[in-house]
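**Student:** got a structure for you, letters missing:
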């Protein structure tokens, strides 16, 4: 497969017309050196602290991004308003016993870090994030989900090709992903791949509640566009992803972890569907971006 090279930008504090055009054309935006080395180290240190405090015996929940069986778990659903931990499939045996040390077993931490953890909250609600959110078209941006994705050495799981609006659906569609490399993301350790321009095609699926169960429904049977653009991201790089952009990441079979911090935003002026998996009670206070 012939691959393409993404356009890359640097952040000067303003969302430029060149950035706007690249995002409109490609459905993604790559901004190098958006986060300082010290800020990345601070978020990594806090991630390690959270894992230190995680009681793995109480929560043996394996997360799979290829099979959505985890969604039936009450633990998963409650993570919308909590800081929850999900284990790599290859880190546990059939009985849920760890096959790896705890710090090499966690697949991700989510989904309310931006609300509940002071270190991640201070970072998430920065003026630069707000400027970028408005730059990509969110009139009243609202941060609805956040997570640390660990992509552990040798066992970091595949994230299959998908569109973020499948899981966080609004009408009109407004979901945008902000993905930040806390460690170098390379082709060898499972960086993202995207279908440049693929956001202009239709939404293929919706992941929604049907009673007490979750289901993946097909909206369009057309195959996804080919993800032909690797998005290697040195530590500190920000990748912004349109909600309809097809993208994926391969398993990490290298000896290097690939930690990243991801936030998903929507526009509060849009209708957020009541059958989306992520629902927050009115009593859960959220900050304004």
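**Tutor:** Thanks, I have it. None of the values given here were measured: they were computed from a predicted structure.
**Student:** Need the residues that contact the helix or strand containing residue 179.
**Tutor:** Per DSSP states H and E: residue 179 is located in strand 176-181. Outside strand 176-181, the residues that touch it by CB atoms under 8 Å, 6 or more residues apart in numbering are 34-35, 40, 129, 132-133, 136, 138, 164, 192, 233-243, 258, 260-266. C-betas here are computed from N, CA, C, even on glycine.
**Student:** Same question for stretch 204-217.
**Tutor:** 68, 71-72, 162-163, 166-167, 169, 218-222, 224, 273, 275-277.
**Student:** First-to-last residue distance for that stretch?
**Tutor:** Chord length of stretch 204-217, first to last residue, is 9 Å (CA to CA, to the nearest Å).
**Student:** again, but for stretch 111-130
**Tutor:** Span of stretch 111-130 from end to end, CA to CA: 19 Å.
**Student:** Residue 50 should be in a helix, yeah?
**Tutor:** Yes - applying DSSP: H, G, I helix; E, B strand; the rest coil, one finds residue 50 inside a helix.
**Student:** for the helix or strand bottoming out on mean pLDDT in the chain, which positions count as buried?
**Tutor:** Here the helix or strand of the chain ranked lowest by mean pLDDT, DSSP states H and E is helix 74-78, holding a mean of 82. Buried residues in helix 74-78, counting neighbours by 16 or more other CB atoms under 10 Å, are found at 76, 77.
**Student:** Can you classify the residue of the chain most remote from its centre by secondary structure?
**Tutor:** Distance from the C-alpha centroid of the chain, by CA atoms, centre = their mean, peaks at residue 95 (28.3 Å). What three-state DSSP gives for residue 95 is coil.
**Student:** show me what contacts it?
**Tutor:** Counted by CB under 8 Å, 6+ apart, residue 95 has zero contacts.
**Student:** In ChimeraX, how would I select the buried members of the contacts of strand 176-181?
**Tutor:** Buried members of the contacts of strand 176-181, defined by 16+ other CB under 10 Å, are picked up in ChimeraX with:
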select :34,35,40,129,132,133,136,138,164,192,233,235,236,237,238,239,240,241,242,243,258,260,261,262,263,264,265,266
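**Student:** quick one, what contacts residue 243?
**Tutor:** 163, 164, 165, 168, 173, 174, 175, 176, 177, 199.
**Student:** which secondary structure elements does the least confident helix or strand of the chain contact?
**Tutor:** strand 83-87 (3 or more CB pairs under 8 Å, 6 or more residues apart in numbering; DSSP states H and E).
**Student:** mean confidence for the strand it packs on?
**Tutor:** Across strand 83-87, pLDDT averages out at 91.
**Student:** Packing partners of it?
**Tutor:** helix 37-53, helix 74-78, strand 106-111.
**Student:** ranking the ones you listed by burial, who's on top?
**Tutor:** Comparing those by mean neighbour count (mean count of other CB atoms under 10 Å), strand 106-111 comes out on top with a mean of 24.
**Student:** in its sheet, what does that one sit against?
**Tutor:** Counting by DSSP bridges, the strands paired with strand 106-111 are strand 83-87 (antiparallel), strand 141-149 (antiparallel).
**Student:** Please compute how far the shortest one lies from its chain's middle.
**Tutor:** Centroid separation between strand 83-87 and its chain, computed with CA atoms, centre = their mean, to the nearest Å, is 14 Å.
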